[in-house]
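*Asks:* Sequence and predicted structure, then a few things I'm wondering about:
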Amino acid sequence: LKIGIAGFYDRSSKLWEDVWGEHMHHGYYIPEDRTDHVQAQIDLIDEVLKWADCDSATKMVDVGCGIGGSSRHIARKFNCEASGITLSP
């Protein structure tokens, strides 16, 4: 299973990056007429941090980090050290 998942991402990461940018996830579309998908992705990260009541960090780990876009955003936001774990180098 691990090899299959890693192989999928090895083969498709460039495509996903071309489509989604550095954040390989959907976005938070509030207001509902938002069309800036990059900002919606960043807003999703920030909303999840708010929902988790997280307003600071010195270190963080992103399990399933993809190409690390969310990790880099959080590291910049909190000026913290970030580590990413991925099956696909």
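*Replies:* Here it is on my side, so go on. For clarity, every value in this text was computed on a predicted model and none was experimentally measured.
*Asks:* where exactly do the strands run in the chain?
*Replies:* Using DSSP state E, the strands found in the chain span residues 59-63, 81-85.
*Asks:* Show me the shaky parts of the protein.
*Replies:* For the chain, the stretches with pLDDT under 70 are 89.
*Asks:* tell me the centre residue of it?
*Replies:* Geometric centre of the chain, nearest residue: S70, 3.1 Å, by CA atoms, centre = their mean.
*Asks:* Now for the closest residue to that residue other than its chain neighbours: which residues touch it?
*Replies:* Nearest residue to S70 in three dimensions, chain neighbours excluded: I45, at 5.3 Å (CB to CB, 6 or more residues apart in numbering). From N, CA and C alone the C-beta is placed, and that goes for glycine too. Counting by CB atoms under 8 Å, 6 or more residues apart in numbering, I45 touches H23, S70, H73, I74.
*Asks:* again, but for G27
*Replies:* R34, H37, Q39, A40, Q41, I42, D43, L44.
*Asks:* Pick out whichever of the residues you listed sits closest to D10.
*Replies:* Q41 (22.3 Å; CB to CB).
*Asks:* Give me the neighbour count for the closest one.
*Replies:* Q41 is flanked by 22 other residues according to other CB atoms under 10 Å.
*Asks:* Same check on the one 3 residues further on?
*Replies:* L44 is surrounded by 18 other residues when neighbours are defined as other CB under 10 Å.
*Asks:* That one contacts H25, doesn't it?
*Replies:* Yes - between L44 and H25 there is a contact under CB atoms under 8 Å: 6.6 Å.
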